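[1] how does the following fold in three dimensions:
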Amino acid sequence: QCDTFQLCKEEELLLVRQDLGIVQVPLEQCHSRNFQAEACFSQIHDGLRAYHGSLAAVLELLPGHTSLVETLQLDAANLSSNIQQQMEDLGLATVTYPTEGPGPLPTFSSSFHHQVGGFFILANFQRFLETAYRALRHL
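    Predicted structure coming up:
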């Protein structure tokens, strides 16, 4: 992207992200003023399930990195399972939040869109995990 299209910063790619319809999975329950552990756990759990689906799109976008993406999918599934188990162990009720995506997997019309789409899905997933980590460490 940087060399070919002169789009070298994430801010410059935001319009492309909006055009591709890639959304950030919310975690507002984990840093709200009325923090409740079960709401945060539930939102992390739901978000991990949503990203598991988004990573399927990344598999198609980055066929050269199949084993790495499959490892990410497995790790996300394991973390989701561990959080579900922790919630059950603590006797917390599970709340299901409507996910804003991914819905049908995004379709990308060009090599550039493939690269940007994969970048944003992975960048969003990284931010999601960083927020989830901070929330879980707080708990």
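[2] CA atoms only for stretch 17-33, dumped as CSV, please.
    Provided in CSV are the C-alpha atoms of stretch 17-33 (Å, rounded to 0.1, in the frame of the first residue of the first chain):
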residue,chain,number,x,y,z
ARG,A,17,-11.8,0.8,5.7
GLN,A,18,-15.2,2.4,5.8
ASP,A,19,-15.7,1.6,2.1
LEU,A,20,-14.8,-2.0,2.8
GLY,A,21,-17.3,-2.2,5.7
ILE,A,22,-14.8,-3.5,8.3
VAL,A,23,-15.9,-2.6,11.8
GLN,A,24,-14.2,-2.7,15.2
VAL,A,25,-15.9,-5.2,17.6
PRO,A,26,-17.0,-3.1,20.6
LEU,A,27,-15.7,-3.7,24.2
GLU,A,28,-17.3,-0.7,25.9
GLN,A,29,-18.6,-2.9,28.7
CYS,A,30,-15.0,-3.5,29.8
HIS,A,31,-14.2,0.2,30.4
SER,A,32,-17.5,1.7,31.3
ARG,A,33,-18.1,3.6,34.6
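[3] what's the model's confidence in it, averaged?
    Mean pLDDT, computed over stretch 17-33, is 78.
[4] phi and psi next, for Leu92.
    For Leu92, the backbone dihedrals (degrees, to the nearest 10) come out as phi -80, psi 140.
[5] the closest residue to it other than its chain neighbours and His31, how far apart?
    Nearest non-adjacent residue to Leu92, counting by Cβ to Cβ, 6 or more residues apart in numbering: Glu38, 4.0 Å away. All C-beta spots, glycine's among them, are computed from the backbone N, C-alpha and C. Distance, Glu38 to His31, by Cβ to Cβ, to the nearest Å: 15 Å.
[6] neighbour-wise, which of these two wins?
    Neighbours per residue (other Cβ atoms under 10 Å) separate Glu38 from His31, with Glu38 holding more: 15 against 12.
[7] mind checking the SS state of that one?
    Secondary structure, DSSP: H, G, I helix; E, B strand; the rest coil: Glu38 is helix.
[8] that one against Glu88, yeah?
    No: the pair Glu38 / Glu88 is not scored as a contact, 11.2 Å apart, by Cβ atoms under 8 Å.
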